[in-house]
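**Student:** How does the following fold in three dimensions:
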Amino acid sequence: MAATTTTSLGGGAGGDDRVLATAQQILKSLKAPKEDREDMLLIFSTFDNRLSGITDLINGDDSKSSEDEELDRFEAAEKIIIDDSSLYTESSRQSTSLFDPPNDPVEYFLAVDEIIQWIEHFSISPDHSTGKTDRIILDRAETAIQLAMSRLEDEFRHVLICNTIPPNAVSRCSTNRRSSLSFSSQDGGIDDNSGSFGEDAGSNRFHERGVSLGDDLFVDLVRPESILNLKDIIDRMVRSGYERECLQVYSSVRRDALIECLTILGVEKMSIEEVQKVEWKSLDEKMKHWVQAVKAVVGVLLSGEKRLCDSLFGEFYDLKDTCFNETAKACVMMLLNFGEAVAICKRSPEKLFRILDMYEALRDALPDLEEMVLDALVITEAKGVLKGLGEAVKGTFAEFENCIRHETSRKPVITGDVHPLPRYVMNYLKLLVDYSDAMDSLLEISEEALYHFKNDLGGEVSQLEDLSPLGRQILLLMSELEHNLEEKSKLYEDIALQQVFLMNNLYYLVRKVKDSDLKDVLREKWIRKRSVKVRQYSTGYLRVSWSKALSCLKDEGIGGSSNSASKMALKERFKNFNACFEEIYRVQTGWKVPDEQLREEMRISISERVIPAYRSFVGRFSCQLEGRHSSKYIKYSPEDLETFLLDLFEGSPAVLHHIKRKSS
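**Tutor:** Numbers count the residues shown, from 1 in each chain. Predicted coordinates for the structure are as follows:
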């Protein structure tokens, strides 16, 4: 019987293995306590000597059972992944998200974790030779993980795209606070088409300047509720060795999102050639959008992107930095490319302030950019663009100086009013002072400029010593402007009108300096010196314009009252004075002193010189011309003259030939 049993169970080593396997299967099926199983197996050993190693079988029972359980878990995890992959493929990748019902993301992630653990188990000792069975299981695990990673890669992209917050809020937060530093249309400007100065030219003025964004301003770039789901995916992809795929998905999705933000902020992808072909009005808008975009990108978007990377990738430091740099690079380079194109555009004065805005925006953003972006090439490019914009500022300012120096229009302002050139220059300089920090860091005076200032403009180099770099340039420019105005005054044949023109224009310069931050740049000494010159021009006008009329009111050559010759001389004096006054009135009512205070001061000065002399002359000699025809010679009373003087410098020519003195 025993022999029969032995035969039935099989002979040789193979039969022994089958007997042990059968016994092991019986052990597995038993749910009894360990002590009961030991008793039963001892009984089995009495039927067949091949079970003499029953003690080892008993002692090894628990570990074998554990391995079987692990194998069961592996197969269950494998099935979850394969089934999901099959459904996912059959639906042409249009199935619901892993995080949408009826899918169970927890079950799926546990299955992935189980497969990862098997792969890690086989990779702990790479030199350990695995058996055939282990090799098969490892192959199955690697196949399962490939399917899982393909699924998670698509899921990662899907969750990122679906939970990216629309960037419209970024546009609002970057433009919700603005300050205007524009010129008023009533001030003179430069005509972009003709290059000439005119009252209406450039009435849109140079620019509006945007303020900086607040330090506390930030936005969520991805919906917070999706963060844990994304972290679950990232963790499995990284642990499975799929860092590269994770990086590619994240950087491509987030890169597109940042580029979309730039588009909403008004920044387009343009080549250098395209930028240089854009008309100034359109380019000005693009430059303004660029300034706001730099502030928004560095102050809001990239800092938000950095926080997002820190939150998602956590302890995966290398991957975290790489993902951020790859994501940020395209957005930053798109901004820098436009900045580089502007830096090499054709120079023209109206571009200066917008270029300064760009320079300041990039200068202020660069420290934060260097701290966040670790790509040396990007930072090197940013520094290069900043330097290029600085050179563009210097070149554009030099073009502005040349524009003033070579403005040689030959058409005088017929009223003697303020010329459009100083209107343009002063409004330009008033705005330039707002960029003192940037200009001081960029400007320096050349030896050629110093020589010109000293020898051609009659300036003293010592005047420059206490001024800032911008202050020195402004002083040189103001001296150039004064020289230009003196040359323009020579276009007037009337010497008195020359004096009025110079008085008007220099007074305008003084008032603009006193009423702006330019007074802190040019200092009080400059103001005092030019104020003295204004009075000198006023005095020069009085002397040239009224000397002839006042000479008619002198006593010399008139003689006694009974002398008929003296009466004739007296009549001639009154006739000459009347003619002089009427001519002055006719001409100088057409002249203009635009400043109300200066106009009133001029009238008072004339009145103080003329009226007392006329009143005294009439008082002394009117009795000699009494009679029916006396009004023919004494046409105006002192009060009449005072009234008529109020009409001077209004810019509206008038005549007095029809006016007769009122009888008292």
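**Student:** How about the contacts made by the closest residue to residue 289 other than its chain neighbours?
**Tutor:** Nearest residue to residue 289, sequence neighbours excluded (C-beta to C-beta, 6 or more residues apart in numbering): residue 266, at 3.1 Å. Every residue, glycine included, has its C-beta placed from N, CA and C. By C-beta atoms under 8 Å, 6 or more residues apart in numbering, the contact list for residue 266 reads 285-286, 289-290, 292-293.
**Student:** from those residues, which is closest to residue 558?
**Tutor:** Taking C-beta to C-beta as the measure, residue 558 lies nearest residue 285 of the contacts of residue 266, at 74.3 Å.
**Student:** Mind giving me the packing neighbours of the helix or strand the closest one falls within?
**Tutor:** Per DSSP states H and E: residue 285 is located in helix 280-296. Packing partners of helix 280-296 (3 or more C-beta pairs under 8 Å, 6 or more residues apart in numbering; DSSP states H and E): helix 168-175, strand 209-210, helix 317-343, helix 352-372.
**Student:** list the buried ones in it?
**Tutor:** Using 16 or more other C-beta atoms under 10 Å as the test for burial, helix 280-296 gives 280, 283-284, 286-296.
**Student:** just stretch 342-356 next, same as before
**Tutor:** Neighbour-count burial for stretch 342-356 [16+ other C-beta under 10 Å]: 342-343, 345, 347, 349-356.
**Student:** ditto for stretch 435-448
**Tutor:** Residues 435-436, 438-439, 442-443, 445 are the ones in stretch 435-448 that count as buried (16+ other C-beta under 10 Å).
**Student:** what's the average pLDDT for it?
**Tutor:** The average pLDDT for stretch 435-448 rounds to 82.
**Student:** cool, and stretch 324-333?
**Tutor:** 94.
**Student:** residues in contact with it?
**Tutor:** For stretch 324-333, contacts defined as C-beta under 8 Å, 6+ apart pick out 247, 250-251, 254-255, 258-259, 261-262, 297, 301-302, 305-306, 309, 369, 372-375, 378, 381-382.
**Student:** Out of these, which sit inside helices?
**Tutor:** Taking DSSP state H, the ones among these that sit in helices are 247, 250-251, 254-255, 258-259, 261-262, 302, 305-306, 309, 369, 372, 378, 381-382.
**Student:** hang on, the earlier thing: show me what the mean pLDDT comes to for the helix holding residue 285.
**Tutor:** The average pLDDT within helix 280-296 is 95.
**Student:** Over to stretch 547-559?
**Tutor:** For stretch 547-559, mean pLDDT rounds to 86.
**Student:** to the chain's geometric centre, what's the distance from it?
**Tutor:** Centre-to-centre, stretch 547-559 and its host chain are 69 Å apart (C-alpha atoms, centre = their mean, to the nearest Å).
**Student:** tell me which residues in it are buried?
**Tutor:** So for stretch 547-559, counting by 16+ other C-beta under 10 Å, buried means 549-550, 552-553, 558.
**Student:** Go through those residues and flag which are in helices.
**Tutor:** Residues of the buried residues of stretch 547-559 located in helices (DSSP H): 549-550.
**Student:** Roughly how far does residue 514 sit from residue 524?
**Tutor:** In this view, residue 514 and residue 524 are 10 Å apart by C-beta to C-beta, to the nearest Å.
**Student:** related to what we said a few turns ago, what is the nearest of the buried residues of stretch 342-356 to residue 490?
**Tutor:** Residue 490 lies nearest to residue 349 out of the buried residues of stretch 342-356, by C-beta to C-beta, at 25.7 Å.
**Student:** What sits closest to that closest one if chain neighbours are left out?
**Tutor:** The nearest residue in space to residue 349 (C-beta to C-beta, 6+ apart) is residue 400, at 4.1 Å.
**Student:** what sits against the one you found?
**Tutor:** 349, 352, 428.
**Student:** hang on, the earlier thing: now a PyMOL select for only the buried ones of the ones in helices among the contacts of stretch 324-333.
**Tutor:** In PyMOL syntax, the buried subset of the ones in helices among the contacts of stretch 324-333 is picked out as below (16+ other C-beta under 10 Å):
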select buried, resi 247+250+251+254+255+258+259+261+262+302+305+306+309+369+372+378+381+382
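**Student:** quick one: the spatially closest residue to residue 278 that is not a sequence neighbour and residue 611, what's the gap?
**Tutor:** Among residues not flanking residue 278 along the chain, residue 286 sits closest, at 6.8 Å (C-beta to C-beta, 6+ apart). Shown here: residue 286 relative to residue 611, a distance of 62 Å by C-beta to C-beta.
**Student:** same thing with residue 83?
**Tutor:** 112 Å.
**Student:** same question, residue 111
**Tutor:** Counting by C-beta to C-beta - residue 111 and residue 611 are separated by 109 Å.
**Student:** The two - which one has more neighbours?
**Tutor:** Neighbours were counted for residue 111 and for residue 611 using other C-beta atoms under 10 Å; residue 111 has more, 24 against 15.
**Student:** Quick check: pLDDT value at the more buried one.
**Tutor:** On pLDDT, residue 111 comes in at 93.
**Student:** what sits against it?
**Tutor:** By C-beta under 8 Å, 6+ apart, the contact list for residue 111 reads 76-78, 80-81, 148.
**Student:** quick check, distance from the one helix or strand it maps to to the centre of its chain.
**Tutor:** Assigned by DSSP H and E, residue 111 belongs to helix 105-123. The chain centre lies 50 Å from the centre of helix 105-123; the measure is C-alpha atoms, centre = their mean.
**Student:** same thing with stretch 323-335?
**Tutor:** How far stretch 323-335 lies from its chain's middle: 18 Å, per C-alpha atoms, centre = their mean.
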